[in-house]
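Q: One predicted model, sequence on top.
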Amino acid sequence: MATAAQARPRRSALYLPASNARAIEKARTLPCDVVILDLEDSVAPEAKVAARALACEAVKLGGFGRRELVIRANGLDTPWGADDLAAAAEAGPDAALVPKVASPADLAAYRAALGPAVPLWAMIETCQAVFALDALGRAAAGAGVEAWVIGTNDLVKEMRCRPGPARQPLLAALSLSVMAARAHGIAILDGVYNDIPDLEGLAQECAQGCDLGFDGKSLIHPTHLEIADRAFSPEPQAVAWARTVADAFDSPENAGKGVLKVDGRMVERLHLAEARRLIAVAEAIAAHED
């Protein structure tokens, strides 16, 4: 069976500047799976202390329903990072997202600053991080890391590449990140789409992210939510096939069998685990929408 963490929908993760109280209030009604209250890139230096207070107040007030609530902190190499993490530890969000993680030592430093209670999410957004993916994955369990979020804008800047609509210069990094996340049981979200009014381009990039194996996409505008939710929801025919596979292996006459012929197709037990995960995700989405 899929674990609760594996089955939890994270199709859409919306960044909101924590300095914007109206946006935070609106987030309580938006159809997103994750709300990320941002203290980093979207908040000016002079507003960061006030934004931290607003984010922590929002966590304590609650009202976000089934949405996962995450605070993105500033880095520990900034004047605000340590205080952000201390405040997050006291407020108790579902997770704290930390930037520019490049080594297991970075994870250890963030965990020490955050304390033991709040799960970590880590931004994968530097060239150094891409070359340390396996080490970061191996360190994830000990550091309490549940998810990675790709920071494509920072990665593009550091690479000095021109990604274009197909994101060709990024494909190796994106694919390797997904592989490392899967190897170590970590959820992983694709980077943001910057062209807010280009919904067709967003849909294409969501489809690409789904094809690459991401669990969902980080987003910067509420108009992007419906497209991401639809793209990263299991297709009905895929869920129906997963139920067929699970039912076949659950049948008493197939107990102990490693390979079955189901509707003319050869299916192995390795397909059963993925079928059960897909069913669990579909059921979790249905429960959330109800």
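A: Right, received. Where do you want to start? Numbering: from 1, shown residues only.
Q: what kind of secondary structure is the nearest residue to Ala187 once chain neighbours are set aside in?
A: What sits nearest to Ala187 in space, not counting adjacent residues and going by CB to CB, 6 or more residues apart in numbering, is Ala147, at 4.0 Å. C-beta here means a position set from N, CA and C on the backbone, and glycine is covered the same way. Here Ala147 is recorded as strand under DSSP: H, G, I helix; E, B strand; the rest coil.
Q: Could you give the bridge partners of Ala147?
A: Trp121, Ala187 (DSSP bridges).
Q: so which strand or helix has the one residue sitting closest to the centre of the chain?
A: Ranked by distance to the mean C-alpha position of the chain (CA atoms, centre = their mean), the top residue is Leu189 at 3.6 Å. Element membership of Leu189, judged by DSSP states H and E, is strand 187-190.
Q: quick one: average pLDDT of that strand?
A: Mean per-residue pLDDT for strand 187-190: 98.
Q: Enumerate the positions of the next helix-or-strand element following that strand that are buried.
A: For strand 187-190, the following helix or strand on the C-terminal side (DSSP H and E) is helix 199-212. By neighbour count on 16 or more other CB atoms under 10 Å, the buried set for helix 199-212 is 202-206, 208-210, 212.
Q: what number of residues lie near the closest residue to Val49 other than its chain neighbours?
A: Spatially, and ignoring its direct neighbours in sequence, Val49 is nearest to Trp80 (7.3 Å; CB to CB, 6+ apart). Trp80 has 20 neighbours, counted by other CB atoms under 10 Å.
Q: if we can go back for a sec, hang on, the residue nearest to Ala187 packs against Ile188?
A: Yes - between Ala147 and Ile188 there is a contact under CB atoms under 8 Å: 6.7 Å.
Q: Who are the packing partners of the strand holding Leu189?
A: When contacts are defined as 3 or more CB pairs under 8 Å, 6 or more residues apart in numbering; DSSP states H and E, strand 187-190 packs onto strand 145-150, helix 171-183, helix 199-212, strand 216-219.
Q: Go again with 7 Å.
A: strand 145-150, helix 171-183, strand 216-219 (3 or more CB pairs under 7 Å, 6 or more residues apart in numbering; DSSP states H and E).
Q: Please tabulate the ones you listed in CSV, including the columns mean neighbour count.
A: CSV is the format used below for the helices and strands packed on strand 187-190 (neighbours: other CB atoms under 10 Å):
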stretch, mean neighbour count
strand 145-150, 26
helix 171-183, 18
strand 216-219, 28
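Q: To Asp247, which of these lies closest?
A: helix 171-183 (25.7 Å; CB to CB).
Q: could you dump that closest one to PDB, C-alpha only?
A: What follows is helix 171-183 as a C-alpha-only set of coordinates in PDB (Å, rounded to 0.1, in the frame of the first residue of the first chain):
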ATOM      1  CA  LEU A 171      16.100  18.400 -19.100                       C
ATOM      2  CA  ALA A 172      19.100  16.500 -17.800                       C
ATOM      3  CA  ALA A 173      18.900  18.300 -14.400                       C
ATOM      4  CA  LEU A 174      15.100  17.800 -14.200                       C
ATOM      5  CA  SER A 175      15.300  14.100 -15.000                       C
ATOM      6  CA  LEU A 176      18.100  13.400 -12.600                       C
ATOM      7  CA  SER A 177      16.300  15.300  -9.900                       C
ATOM      8  CA  VAL A 178      13.200  13.100 -10.400                       C
ATOM      9  CA  MET A 179      15.400   9.900 -10.400                       C
ATOM     10  CA  ALA A 180      17.100  10.900  -7.200                       C
ATOM     11  CA  ALA A 181      13.900  11.800  -5.500                       C
ATOM     12  CA  ARG A 182      12.300   8.500  -6.500                       C
ATOM     13  CA  ALA A 183      15.400   6.600  -5.400                       C
END
